[in-house]
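[1] Here is my input; please provide its structure:
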Amino acid sequence: MIDYNTLMSFYGNDIVSLNLFLFITLGLILSLAIDIIFGELPTRIHPVVIIGSITSFFKNIFIKYKNRISGFILTLCTAVTITIILFIIYSISKINVLLLFIVFIILLSSTYSINMLLKTAVDVKKDLDESLDKARKSVSYLVSRNTEELSESFIVSAVIESLTENITDSYIAPIFYYTIFGAIILIKPFNNQLFYLLLIPMLYRMSNTLDAMLGYKTDELINIGFFPAKLDDVLNYIPARISGIYVVISAYLLKLDGKNSFKIMKRDARNCPSPNSGFTMATTAGALNIQLIKKDTYILGDANKSIDKNDITRAVNLSKLTIILFTLTILIILSLIYVII
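    Model (predicted):
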């Protein structure tokens, strides 16, 4: 394999350009394979867990400042800390391209959670087959609502909501930003390009984690969580809408109600408090001809048929195809850019 310095320095060489292209595309494919086959990294070394610890550290420092600038400073400090840690790992790894590639794909795989996303939904379906109480307990880990008295239909709705809402931030969004930066370095390479290629999706994951930890309108978090929540909304704005379109396309391919999927997306996607989450939830509701309901918060879709536990399987299949189609599109885009330049 070509050595690191050659890969980073001699951009006019066709072999080097090919190696850079292969690094970017194979990095995506193999990191995806790692996540699908093995799932999450061990908790002690998982980057998201480390990000959470860093966030907690800075939260304890800045929470006493009762203004919104505290959230901005916390986000900045967390981002700088993550960047430094990642650069140290990158600098050590680049002594050998193979080592760098292995570290790269492992860390990239940690920026999304396809295996856990799909498996969790399937597991709740299995729990429903056993008992309602077991399913209520399982779904309580997925949603913030009280699940103790949820009926089967509301459990199924909660599972599908959680699954489809997270299509965007668990895969589409980090890979969206990975692709943008991958295209940039294919067109105009620069120093330490592979570091930034990994840093960009990692910083997206940081934003998503900060929002999950701080983005609540409680008395404690309303100020410090304001900036992280808004940043996450901005970063997910385009990916969420792309995700919605891919759900519609997947619905057509799976012979679900693609036409209704698009109709419900246009009508109901903005019914949710989040400006982004409805685009995948509403399209799924339309594709399955069901209603997804979170009491006192939103209703998505029409109850053209009664929702049942088999709709979880349909939603999982719809999510799988959405992820596959988006991945294929990304690989085609990167390939076309490589061929053109």
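
[2] So which residues make contact with stretch 319-333?
    Outside stretch 319-333, the residues that touch it by Cβ atoms under 8 Å, 6 or more residues apart in numbering are 25, 28-29, 32, 114, 117-118, 121, 163-164, 167, 171-172, 175, 179, 183, 242-243, 246-247, 249-250, 253-254, 280. Yep, even glycine has a C-beta here, placed from its N, CA and C like the rest.

[3] my read: residue 233 touches residue 272, true?
    No: Residue 233 sits out of contact with residue 272 when judged by Cβ atoms under 8 Å, with a separation of 11.6 Å.

[4] Please identify which of these two sits among more neighbours.
    Each of residue 233 and residue 272 has its neighbours counted (other Cβ atoms under 10 Å); residue 272 has more, 20 against 17.

[5] where in the stretch 1-150 of the chain is pLDDT low?
    Scanning the stretch 1-150 of the chain for pLDDT under 70 picks out 1-16.

[6] Whichever of the contacts of stretch 319-333 end up buried, select them in ChimeraX.
    To isolate the buried subset of the contacts of stretch 319-333 in ChimeraX, counting by 16 or more other Cβ atoms under 10 Å, use the following:
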select :25,28,32,114,117,118,121,163,164,167,171,172,175,179,183,242,243,246,247,249,250,254,280
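
[7] among the contacts of stretch 319-333, which are in helices?
    Among the contacts of stretch 319-333, the members found in helices (DSSP state H) are 25, 28-29, 32, 114, 117-118, 121, 163-164, 167, 175, 179, 183, 242-243, 246-247, 249-250, 253, 280.

[8] now the helices for the stretch 201-341 of the chain?
    Ranges of helices in the stretch 201-341 of the chain, per DSSP state H, counting those that start in this stretch, are 226-253, 258-268, 278-288, 310-340.

[9] need those helices in JSON lines with distance to residue 303, can you?
    JSON lines is the format used below for the helices of the stretch 201-341 of the chain (distance: least, Cβ to Cβ, whole Å):
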{"stretch": "helix 226-253", "distance to residue 303": "18"}
{"stretch": "helix 258-268", "distance to residue 303": "12"}
{"stretch": "helix 278-288", "distance to residue 303": "10"}
{"stretch": "helix 310-340", "distance to residue 303": "12"}
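
[10] Would you mind finding the most buried of the ones you listed?
    Among the helices of the stretch 201-341 of the chain, ranked by average contacts under mean count of other Cβ atoms under 10 Å, first place goes to helix 278-288 (a mean of 30).
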